[in-house]
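J.: For reference, the sequence and a predicted model appear below.
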Protein chains: 2
Amino acid sequence: MTLTSTRNQSAPGLTPDADATRVAVSTVIFTLRRREGADRASIALPLVRRMRDPHAGQWALPGGWLDIREGLDAAASRTLAETTGIAPSYLEQLYAFGAVDRSPTRVVSIVYWALIRPDEVVDSSDDNVEWFDADALPTLAFDHNQIVEYALWRLRNKVGYSRIAHGLLADEFTLAELREVYESILRRRLDPANFRRQVEGTGTLIPTDRFRTGSHRPARVYRFNPDVELADRGPLDVRH
Amino acid sequence: MTLTSTRNQSAPGLTPDADATRVAVSTVIFTLRRREGADRASIALPLVRRMRDPHAGQWALPGGWLDIREGLDAAASRTLAETTGIAPSYLEQLYAFGAVDRSPTRVVSIVYWALIRPDEVVDSSDDNVEWFDADALPTLAFDHNQIVEYALWRLRNKVGYSRIAHGLLADEFTLAELREVYESILRRRLDPANFRRQVEGTGTLIPTDRFRTGSHRPARVYRFNPDVELADRGPLDVRH
């Protein structure tokens, strides 16, 4: 009797709970990180260890359930801050993932993403939050590996690399630092002379009169040109 | 007593029904249409008249509820076919709309879109389905005017106009027909000689040895070059 009753309750469509599709939000936060000894910077993202089933103990994207009284953007910001302490100035909607079998219950996840500068990274004291290189992820909970793969693809195809670099770099930077951003995204070396010619031709950079000195010869410091529109968000710029 | 009970049932958070966020799908289908007497073609889309509240009698985007046993893409195709009879070969996810106040109950709508050629348009015998010019829409149900506005913005900003034109044109076309597609999307006249130079330089067109004759001088017929990738859908190309 008990078995039958349990079966009925978990059969799809028979109980309100089983019938309900729930909406969750998750976020992919990319930054640039150079590990000790690594010869180039790489794209990194924060993950959160799951405390309960399904997938207890596995790493997952930061996120949580949509509250009935909050918009999608607000839910993404809230759950990201609650799990990681990160609060980017702007989260962009990436994609809605809704495959029937992506979770034991039916869950549609609205995924957001943002690029943050290394100085915006919050080093959590929580052992259950950790930054991973995007190229060396463990097996994540649910379809989160696939979600990260999609976000990386979008990052590499995004129109306007200046906007991307702007999201990952400090306000002032050298051409070598800017080139390093491009190299980590594109995952290949770029010729320094060609790179300099190309970015100087775009009008997106303003040279300052300062130079950075170090082990190499002094390198001029640049800023982004604020007159170049880096983030046209279109008619959805008004939050909703 | 009855009044109080009704109030309690509709108050957020007090009943399972009120607590549930439901997921719907909607679709924006764009095509090119030339109305009698109009001096240029315009972007048109099908709308469905709502039979019940909320917004009974108003026009809305084709759509419906997500079934718990179907993926998001499948739900979009099914509800589009059920309401309009239209079955595009490919629907692309556009955006998830989830503002708290967009419907009397909490509804998150995953919106899909597609471009179809005029010959793919199904003229429904149903009086409750009608094609409207995107520039002359009535006040639609819910936030559907805003959704169409966003879709039009994306259409105008989309990378790769050749892909868009390919979605709206027949397999063979003249340069004047191709220019008309661009003009309807951009909503401005283009210089025929400049336009010809630009598209001939892209490598996306293959001239045939056929000419179209009519009231004007014969115009060469072109095809799209199938070797040019018109629809890189990235790692999500495998449906889910």
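T.: Ah, there it is. Numbering: from 1, shown residues only, chains lettered A, B, ... in the order given.

J.: Roughly how far does the spatially most central residue of chain A sit from A:Tyr112?
T.: Compute the mean C-alpha point of chain A, and by CA atoms, centre = their mean the closest residue is A:Ile29, 2.4 Å away. Per CB to CB, to the nearest Å, A:Ile29 is found 9 Å from A:Tyr112. No exception for glycine: its C-beta is placed from N, CA and C like everyone else's.

J.: Now do the shared contacts for the two.
T.: The contact sets of A:Ile29 and A:Tyr112 overlap at A:Leu80 (CB atoms under 8 Å, 6 or more residues apart in numbering or on different chains).

J.: Please settle this for me: is the residue nearest to the centre of chain A part of a strand?
T.: Yes. Looking at A:Ile29 with DSSP: H, G, I helix; E, B strand; the rest coil, it is inside a strand.

J.: Read off the pLDDT value for it.
T.: pLDDT for A:Ile29: 96.

J.: do A:Ser184 as well
T.: At A:Ser184, the pLDDT value in this model is 86.

J.: Give the other helices and strands that the helix or strand containing A:Ile110 contacts.
T.: Using DSSP states H and E, A:Ile110 maps to strand A:107-115. With contacts taken as 3 or more CB pairs under 8 Å, 6 or more residues apart in numbering or on different chains; DSSP states H and E, strand A:107-115 sits against strand A:22-33, helix A:72-84, strand A:92-97, helix A:144-157, helix A:161-168, strand B:107-115.

J.: Just checking: what are the partner strands of that strand?
T.: Sheet pairing of strand A:107-115 (DSSP bridges) gives strand A:22-33 (parallel), strand A:92-97 (antiparallel).

J.: Pick the most deeply packed of these.
T.: Across the strands paired with strand A:107-115, averaging neighbours per residue (mean count of other CB atoms under 10 Å in any protein chain shown) puts strand A:22-33 on top, at a mean of 23.

J.: Report how many residues lie close to A:Val181.
T.: Using other CB atoms under 10 Å in any protein chain shown, the number of residues around A:Val181 comes to 21.

J.: which one is it nearest to, not counting chain neighbours?
T.: Residue nearest to A:Val181 in three dimensions, not counting chain neighbours: A:Ala165, with 4.6 Å by CB to CB, 6 or more residues apart in numbering or on different chains.

J.: Could you report the distance from the one you found to A:Arg154?
T.: For A:Ala165, the distance to A:Arg154 - CB to CB - is 16 Å.

J.: before we move on, what about A:Arg22?
T.: A:Arg22 is 25 Å from A:Arg154, by CB to CB.

J.: before we move on, what about A:Arg34?
T.: A:Arg34 is 23 Å from A:Arg154, by CB to CB.

J.: so A:Val107 sits right up against A:Thr21, yeah?
T.: Yes. Between A:Val107 and A:Thr21 there is a contact at 7.3 Å, judged by CB atoms under 8 Å.

J.: about what we covered before: next, the contact list for the residue nearest to A:Val181, please.
T.: Contacts for A:Ala165 (CB under 8 Å, 6+ apart) come out as A:178, A:181-182.

J.: Now render these as JSON lines, adding secondary structure and distance to B:Leu45.
T.: Converted to JSON lines, those look like this (DSSP: H, G, I helix; E, B strand; the rest coil; distance: CB to CB, whole Å):
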{"residue": "A:Leu178", "secondary structure": "helix", "distance to B:Leu45": "42"}
{"residue": "A:Val181", "secondary structure": "helix", "distance to B:Leu45": "40"}
{"residue": "A:Tyr182", "secondary structure": "helix", "distance to B:Leu45": "39"}
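
J.: Pick out whichever of these sits closest to A:Arg196.
T.: A:Leu178 (9.5 Å; CB to CB).

J.: quick one: low-confidence ranges for chain A?
T.: A:1-19, A:158-163, A:227-240 (pLDDT under 70).

J.: and the residue nearest to A:Glu172 when sequence neighbours are not counted, backbone torsions?
T.: Nearest non-adjacent residue to A:Glu172, counting by CB to CB, 6+ apart: A:Val221, 4.9 Å away. With angles defined as degrees, to the nearest 10, A:Val221 sits at phi -100, psi 140.

J.: before we move on, what about the one 3 residues further on?
T.: Phi and psi for A:Phe224, reported as degrees, to the nearest 10, are phi -80, psi 150.

J.: what's the neighbour count on it?
T.: The tally of other residues near A:Phe224 (other CB under 10 Å) stands at 19.

J.: Thought A:Gly203 was touching it, still the case?
T.: No. Here A:Phe224 lies out of contact with A:Gly203, judged by CB under 8 Å, at a distance of 10.6 Å.

J.: and the closest residue to A:Val100 other than its chain neighbours, how many neighbours does it have?
T.: Distance criterion CB to CB, 6+ apart; nearest residue to A:Val100, sequence neighbours excluded, is B:Gly71 at 5.7 Å. By the criterion of other CB under 10 Å, B:Gly71 has 19 neighbours.

J.: Same check on the one 10 residues further on?
T.: In terms of burial, B:Ala81 registers 15 neighbours under the definition other CB under 10 Å.
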